[in-house]
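>>> build the 3D model from these lines:
(chains A and B)
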Amino acid sequence: MITLFIFFILSLTLVMLLTPLFIKIGRRLNLTGVDIHKPDKPSIPKTGGPAIVIGVIASLTLYLFVKGFSTEIIALIYSSLIAASIGLIEDIRGEINPKVKPVLLVVAGIPIIALSVYTPRPVLPFIGATRLTKIYPFLILVSYPVVCNAVNSIDVLNGSISFTSIAFFTAVLVVSVIHDFEYPMLVSVIMLAALMGFAFYNKYPSRVFAGNSGSLFIGAVMVSIAIIGRVEVVAIIALLPHIMNEMHVIFSMRGLKSAKQYNSRPIIIENGLITANPDEKAPITLVRMLSAKIKAREDSLVKSISLLSFYSMMLAILTNTLFMR
Amino acid sequence: MSLLRNTLMVLILLTIAWVGFIFITFILAYTLFPALEYADGSLTLGLMRVAVGIAVIMLWIYGWYMLTKTWLRKMLS
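Okay, the predicted model is just below:
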């Protein structure tokens, strides 16, 4: 327990110290994004991702030095770094083709398969461990683009990525404490610390965005730990708001499309207040649903999305406690 | 219509999706899986199990989407 506490403090401190540095780097290199929900539309550095990546990877590497070699942690580091690199390229060079990006993100699953750190017997509610020997590696590869994009697409409001991800890793932490799972416990503690440190700068009004490097990194860590820790179902339930947001966008847009290709925006912004677009052709998103027929402040919407994520966290823990063998 | 009410509507939708997920795993647990889990591992049976599993999950997601679409229409009307 003391070891976990030390890694929590280390990860929190690193992210708290590194984020201001990356805010300056972002401004200097002009790696900024427009905060479209504010009336004055300020440019905000989108370089928070590298601070999270360095904080988490440094903490995990130190764990390897202290506790000894672990193939599981190495695989997680490689997978998440691949996803973060794809995001960083996108942050620097501009948007990758939305049909190519999922193919690239499939590569993030390769370290998990190559280092064989998965058990092709996911534990399902009522059923228990089931045999998915042949299909499981394929599911691993598919899950990276799905979850990474889901995390990426929930990062639309100030602080939404931080608080929704905190809810996810809290669910994983609680379940790993109940079952005494070592790796999910360690990774969720380190991620929670990093996200709490990042939330301090990312909360409304944001001083920094996670960028694609941050969101894809967080998504890849979520998938990796769900697979390595065998908490797949807990992860799916905890990610219900993310899945809902992403799947509905894909269905309503009839395929993978860039946000710039939308003919009709999901929301309308008037004087810093957000309202749902009544146009039937507009994509269905969580924010659009929450702002239906009202004019809402951005910070209030973030509270609502966070509430949904914490509710899903409770459902995930409940599922594990009541229905898992 | 307030933000609280909209949040509550989405919470209900999430609960329905969760109950749906639990329900389909319950059905599969007592129908398909016992029939196939201990059957001799032929390729056809394995593929059948995977195909049924994927079809059920796709059906769950599609049902969830259709429900959300109707839900949103009601919220916007």
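>>> what about the closest residue to A:Phe209 other than its chain neighbours, distance to A:Arg207?
Across the structure, with Cβ to Cβ, 6 or more residues apart in numbering or on different chains as the measure, the residue nearest A:Phe209 apart from its sequence neighbours is A:Lys46 (4.2 Å). Every residue, glycine included, has its C-beta placed from N, CA and C. Here the criterion is Cβ to Cβ, to the nearest Å. By it, A:Lys46 lies 11 Å from A:Arg207.
>>> ok, which stretches of the chain are helices?
Picked chain A for this. Chain-ordered helices for chain A, with DSSP state H as the definition, fall at A:2-28, A:48-67, A:71-93, A:101-106, A:110-114, A:136-154, A:160-179, A:182-202, A:211-228, A:232-238, A:240-253, A:286-290, A:298-323.
>>> that was the other one, I meant chain B.
Taking DSSP H as the criterion, chain B carries its helices at B:3-30, B:32-37, B:43-76.
>>> any chance of these in JSON lines, plus mean pLDDT, mean neighbour count and distance to A:Ile92?
Listed next are these as JSON lines, based on pLDDT from 0 to 100; neighbours: other Cβ atoms under 10 Å in any protein chain shown; distance: least, Cβ to Cβ, whole Å:
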{"stretch": "helix B:3-30", "mean pLDDT": "90", "mean neighbour count": "17", "distance to A:Ile92": "35"}
{"stretch": "helix B:32-37", "mean pLDDT": "63", "mean neighbour count": "16", "distance to A:Ile92": "47"}
{"stretch": "helix B:43-76", "mean pLDDT": "81", "mean neighbour count": "15", "distance to A:Ile92": "34"}
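>>> how about those helices in CSV, adding distance to chain A?
Conversion of these to CSV gives the following (distance: least, Cβ to the nearest Cβ, whole Å):
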stretch, distance to chain A
helix B:3-30, 4
helix B:32-37, 5
helix B:43-76, 4
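>>> make CSV out of the ones you listed and add distance to A:Ile135.
Formatted as CSV, the entries for these read as follows, by distance: least, Cβ to Cβ, whole Å:
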stretch, distance to A:Ile135
helix B:3-30, 15
helix B:32-37, 13
helix B:43-76, 5
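>>> mind checking which of these is nearest A:Ala108?
In terms of Cβ to Cβ, the element of these nearest to A:Ala108 is helix B:43-76, at 21.8 Å.
>>> quick one on the thing from earlier: quickly, which of the helices of chain A bottoms out on average pLDDT?
Per-segment mean pLDDT for the helices of chain A reaches its minimum on helix A:240-253, at a mean of 82.
>>> does that helix reach chain B?
Yes - contact of helix A:240-253 with chain B (Cβ under 8 Å from any Cβ of the partner chain) involves A:Leu240, A:Pro241, A:Ile243, A:Met244, A:Met247, A:His248, A:Phe251, A:Ser252.
>>> quick one, what contacts residue 24?
Here I'm looking at chain A. When contacts are counted by Cβ atoms under 8 Å, 6 or more residues apart in numbering or on different chains, A:Lys24 touches no other residue.
>>> the chain in question should be chain B.
B:Ile24 makes contact with B:Val56, B:Ile57, B:Trp60, according to Cβ under 8 Å, 6+ apart.
>>> recalculate using a threshold of 6 Å.
Residues near B:Ile24 by Cβ atoms under 6 Å, 6 or more residues apart in numbering or on different chains: B:Val56, B:Trp60.
>>> ok so, going back, point out the most buried one among the helices of chain A.
The highest mean neighbour count among these belongs to helix A:211-228 (a mean of 29), with neighbours defined as mean count of other Cβ atoms under 10 Å in any protein chain shown.
>>> quick check: pLDDT value at the residue in the stretch 1-150 of chain A that chain B sits nearest to.
Using Cβ to the nearest Cβ, the single residue of the stretch 1-150 of chain A nearest to chain B is A:Phe126, 3.5 Å away. On the pLDDT scale, A:Phe126 is placed at 85.
>>> what's the distance between the closest residue to it other than its chain neighbours and A:Ile237?
The spatial neighbour of A:Phe126 that comes closest, neighbours along the chain excluded (Cβ to Cβ, 6+ apart), is B:Ala29 at 3.5 Å. B:Ala29 is 16 Å from A:Ile237, where distance means Cβ to Cβ.
>>> for the residue positioned nearest the centre of chain B, give me its contacts.
Closest residue to the average C-alpha location of chain B: B:Trp60 at 2.9 Å, with Cα atoms, centre = their mean. The neighbourhood of B:Trp60, defined by Cβ under 6 Å, 6+ apart, consists of B:Gly20, B:Ile24.
>>> and if you look at A:Ser206?
With contacts defined as Cβ under 6 Å, 6+ apart, A:Ser206 is in contact with A:Ile44, A:Asn158.
>>> with A:Ile161 instead?
Under the criterion of Cβ under 6 Å, 6+ apart, the neighbours of A:Ile161 are A:Asp155, A:Ala210, A:Ser215.
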